[in-house]
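In: Next come a sequence and a model predicted from it.
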Amino acid sequence: MSNETVTAAAVSPPPAAAPLLSVRGVGKTYGRGAKRFTAIRDVDLDIASGEFVCLLGPSGCGKSTLLRIITGLSVATTGHVRYRGERLVGVNPHATIVFQTFALYPWLTVAQNVTIALKARGVAAKEREERAAKLIDMVGLGGFASAYPRELSGGMRQKVGFARAMAVEPELFCLDEPFSALDVLSAESLRGELMELWLDRVLPTKAILMVTHNIEEAVLMADRIVVMGKDPGHILTEIPVALAHPRRRKDPHFQALVDRVYAAVAGKTKSEAEMASEAAQRLHQRLPDAELGALAGFVEKLASDGGTADIYRLGGELSLALDELLPIVEAGELLGLLRVHEGDLFLTPLGQAWADASILARRELVAGRILRQPTVRWIYETLQADAESGVDRDQFREVLAGEIGDQAEEQLDIAINWGRYAKLFAYDDDTEELYLDEE
């Protein structure tokens with residue numbers, strides 16, 4: 001054997017360890033026939049031992065659906081999940097989940113809530129009590145073991161949920177927006193305590209998978225961020241987070257990474273030809289759940305900032321969470337008022353004219369754009385064909401339900417609100433009828 005061969009062999013990297021969790025081609029569809037709704041499609045994901053991974057994306061992108069499939073609480077329609085190489089069938093015994101709501105039994109004490117899962121697994125009473133006492137102290141609830149949930153604050157109740165989930169010593173610790181129901185200070189405190197337990201390896205947990213729609217939270221905690229898109233839910237990209245702990249929000253590297261994630265979530269504005277092509281493929285294009293009055297204020301702010309702004313910073317200045325910000329931006333894109341590129345917002349000439357116009361002129365400026373939306377146009381043309389009388393709301397809802405299933409009610413509400421804003425048609429809340437606007 002030559003020296004060159006020996007050297008090459010000496011520097012060869014060790015084989016990569018098999019992932020703790022492997023998701024391949026997973027999809028989830030609800031309903032049948034015309035009412036079929038695809039929540040997620042063709043999702044591939046690996047999680048290695050020692051990783052803290054965040055699933056991030058707007059509401060409706062299937063984050064929680066994917067989490068439930070991974071833990072075995074829901075069955076995938078297509079694809080499969082493997083844990084330690086074995087195909088998952090039924091509930092994953094090595095995983096546990098903490099939900100955004102506290103989900104405690106109000107008639108049980110803190111200690112009893114923590115031990116209930118251990119009791120179900122047949123753990124002896126003495127061991128249950130010892131393990132519960134240790135966990136209650138670990139999450140900072142020492143002295144509250146005999147208290148009932150009604151005696152605790154929201155943050156304390158969620159700590160009980162954490163302790164109960166950790167009691168069974170899961171290898172994979174899953175969190176479904178665990179801080180979203182808490183006030184800002186409680187959420188910040190609980191995040192810090194969870195990170196302390198994780199980084200100090202106090203937990204027996206091998207990996208953490210957390211669903212969130214809070215970008216700063218993901219950058220603050222995760223080793224890797226998996227960004228999901230919707231219609232149907234799918235993975236857009238994965239972004240590694242190589243920042244050392246503890247992470248500081250004002251660190252330029254932290255801010256740069258937040259901007260990068262925002263850019264991945266917001267994407268870039270499609271051309272009018274692309275949007276028209278997509279709209280032509282189906283009768284009812286999904287409308288973003290945004291009030292056009294809120295969009296007006298957003299466009300005014302963007303105009304006052306010179307017509308361009310960083311989406312993350314503008315959202316922060318307006319105190320808009322991701323799930324509030326994205327629908328407004330999407331509506332602005334759809335109506336041609338603004339465009340997005342790499343996380344930056346740019347006002348279009350139409351957007352500038354809209355910002356400068358009076359309230360009445362604004363309606364006229366965007367009426368034609370609103371009428372391009374397939375659902376709004378369909379309602380308008382139906383009313384034109386029956387101009388002598390109103391049309392019952394249920395008539396539209398039933399047709400929509402056949403096209404888009406459970407989303408019909410929400411989409412009809414949005415279409416009605418947009419059409420009323422543009423004075424294309426009117427709606428009587430008492431009779432629940434739509435009719436052409438007399439003006």
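Out: The structure has been received and is ready for your questions.
In: for the strand or helix carrying Phe346, which positions count as buried?
Out: Assigned by DSSP states H and E, Phe346 falls within strand 344-347. Neighbour counts over strand 344-347 (16 or more other CB atoms under 10 Å) mark Asp344, Leu345, Leu347 as buried. C-beta: built from backbone N, CA, C; applies to glycine.
In: Kindly report the same for stretch 56-69.
Out: Within stretch 56-69, the residues scored as buried using 16+ other CB under 10 Å are 56-58, 60-69.
In: For it, measure first residue to last.
Out: Length of stretch 56-69, first residue to last, CA to CA, to the nearest Å: 16 Å.
In: what's the average pLDDT for it?
Out: Regarding stretch 56-69, the rounded mean pLDDT is 87.
In: Ok, stretch 223-238 next?
Out: Regarding stretch 223-238, the rounded mean pLDDT is 89.
In: Could you look up the SS state of Val53?
Out: strand (DSSP: H, G, I helix; E, B strand; the rest coil).
In: care to break the protein down by domain?
Out: Listed domain ranges for the chain are 21-264, 292-436 (source: automatic domain parsing).
In: Arrange those in JSON lines, one row each, with distance to Gln285 as further columns.
Out: Below are the domains of the chain laid out as JSON lines (distance: least, CB to CB, whole Å):
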{"stretch": "domain 21-264", "distance to Gln285": "10"}
{"stretch": "domain 292-436", "distance to Gln285": "5"}
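In: What strands flank the strand holding Phe346, and is each parallel or antiparallel?
Out: Next to strand 344-347 in the sheet, as set by DSSP bridges, lie strand 308-310 (antiparallel), strand 338-341 (antiparallel).
In: Pick the most deeply packed of those strands.
Out: Comparing those by mean neighbour count (mean count of other CB atoms under 10 Å), strand 338-341 comes out on top with a mean of 19.
In: ok, Lys423 touching Asp437?
Out: Yes: using CB atoms under 8 Å, Lys423 and Asp437 qualify as a contacting pair, with a distance of 4.8 Å.
In: next SSE after the worst-scoring helix or strand of the chain on mean pLDDT?
Out: One helix or strand of the chain scores below all others by mean pLDDT, DSSP states H and E: helix 3-10, with a mean of 40. Using DSSP H and E, the helix or strand that follows helix 3-10 towards the C-terminus is strand 21-30.
In: Quickly find the element holding Leu383.
Out: If you go by DSSP H and E, Leu383 is part of helix 374-385.
In: In that helix, which residues are buried?
Out: Pro374, Thr375, Val376, Arg377, Trp378, Ile379, Tyr380, Leu383.
In: Nearest to Leu295, out of these: which one, please.
Out: Among those, Val376 lies closest to Leu295 (CB to CB), at 15.1 Å.
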